[in-house]
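Undergrad: 3D model of this:
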Amino acid sequence: MNKHPLWLFLVLLALAGTGTVQAGDRLTATSGVGTVEGSAGGGLVPWALIGGYGSRDQIGASAHLTRVRTDGGYTLTTTAAAIGVHDTWEASVAQMRFGLSDTVPGQSVRLNVLGLKWRVLGDAVYDQDRWWPQLSVGAQYKYNEDMAVPTALGARRASDTDLLVSATKVWLGGLAGYNTLANLTLRRTRANQFGLLGFGGDLRDEAQWMPEVSGAVLLRDDLAVGAEWRLKPDNLGVFREESAHDVFIAWWPVRHLSLTAAVVNLGNVANKASQRGWYVSAQTQY
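TA: Predicted structure coming up:
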């Protein structure tokens, strides 16, 4: 399963070449930039928006590569792809590869993520005359291929499913006259460090609802700045897990390509405190 994002990316390119995946009609940037777990959103937090540029009668697609490196030497590489159907359904796939630095020299863990999202209410962009946001519900099935280190730290299981509810609203000409986005996601999870260190632990093995928040301002149609915050469960007695947050800038040099850079803080990771670093991501979308 470790090559599935690449295979799906090749399938998306083939579909695009045959016209099955259509050049979508949605506004630039309304597919988000892709999360580390594969779905449409910010870098850390999924949004209610559907991946790709497909409108109500189209199929859209996106694929991205993300790299994070912290000051403690941890590395995270995500390859991911998503398909959006009629701006209503989204299916995503991702693999996260986490290098363990000198905590476990030369070793890494791989986390596979299969996601599904359904838009149930509203349109984040076009419902300007309504107060309610776009609302989506979804699930992410996660499977950790390398459990030696997570088990040693006290993790209880190798796989689990996160449940998500996301609400996203865009105000055209909002903050200081700029288009403005706000998002709130609630995630039911027991994942340790997104699932990279397994699920559940010696302190707690029950899933909990965790809030995640994003905000962004489009300085131009092709340039956005924003910030995110994500609360994570604290299940392992060996270390205290903290929230993650970032400040990002995303640029669309052309409609079908976005480049994102961020300063990210993952909090404590295993035996290293306050892991800060850079996040860079490139995404193509149709």
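
Undergrad: please count neighbours and contacts with C-alpha atoms only from this point.
TA: OK.

Undergrad: next, work out how far apart residue 207 and residue 234 are.
TA: Counting by Cα to Cα, to the nearest Å, the separation of residue 207 from residue 234 is 11 Å.

Undergrad: residue 169 now?
TA: 30 Å.

Undergrad: before we move on, what about residue 137?
TA: 24 Å.

Undergrad: can you check residue 48 too?
TA: Going from residue 48 to residue 234 by Cα to Cα gives 26 Å.

Undergrad: between the two, which is the more surrounded one?
TA: Comparing residue 48 with residue 234 by other Cα atoms under 10 Å, the one with more neighbours is residue 48, at 34 against 20.

Undergrad: show me where this protein has strands.
TA: In the chain, the strands defined using DSSP state E lie at 59-70, 75-85, 89-99, 108-121, 134-144, 159-171, 179-189, 208-220, 223-230, 244-254, 257-265, 276-285.

Undergrad: quick one: these as a markdown table, columns for mean neighbour count and distance to residue 35 too.
TA: Shown next, in a markdown table, are the strands of the chain (neighbours: other Cα atoms under 10 Å; distance: least, Cα to Cα, whole Å):
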| stretch | mean neighbour count | distance to residue 35 |
| --- | --- | --- |
| strand 59-70 | 25 | 9 |
| strand 75-85 | 26 | 9 |
| strand 89-99 | 24 | 9 |
| strand 108-121 | 21 | 11 |
| strand 134-144 | 22 | 12 |
| strand 159-171 | 22 | 14 |
| strand 179-189 | 22 | 13 |
| strand 208-220 | 19 | 12 |
| strand 223-230 | 20 | 11 |
| strand 244-254 | 19 | 12 |
| strand 257-265 | 21 | 11 |
| strand 276-285 | 21 | 9 |
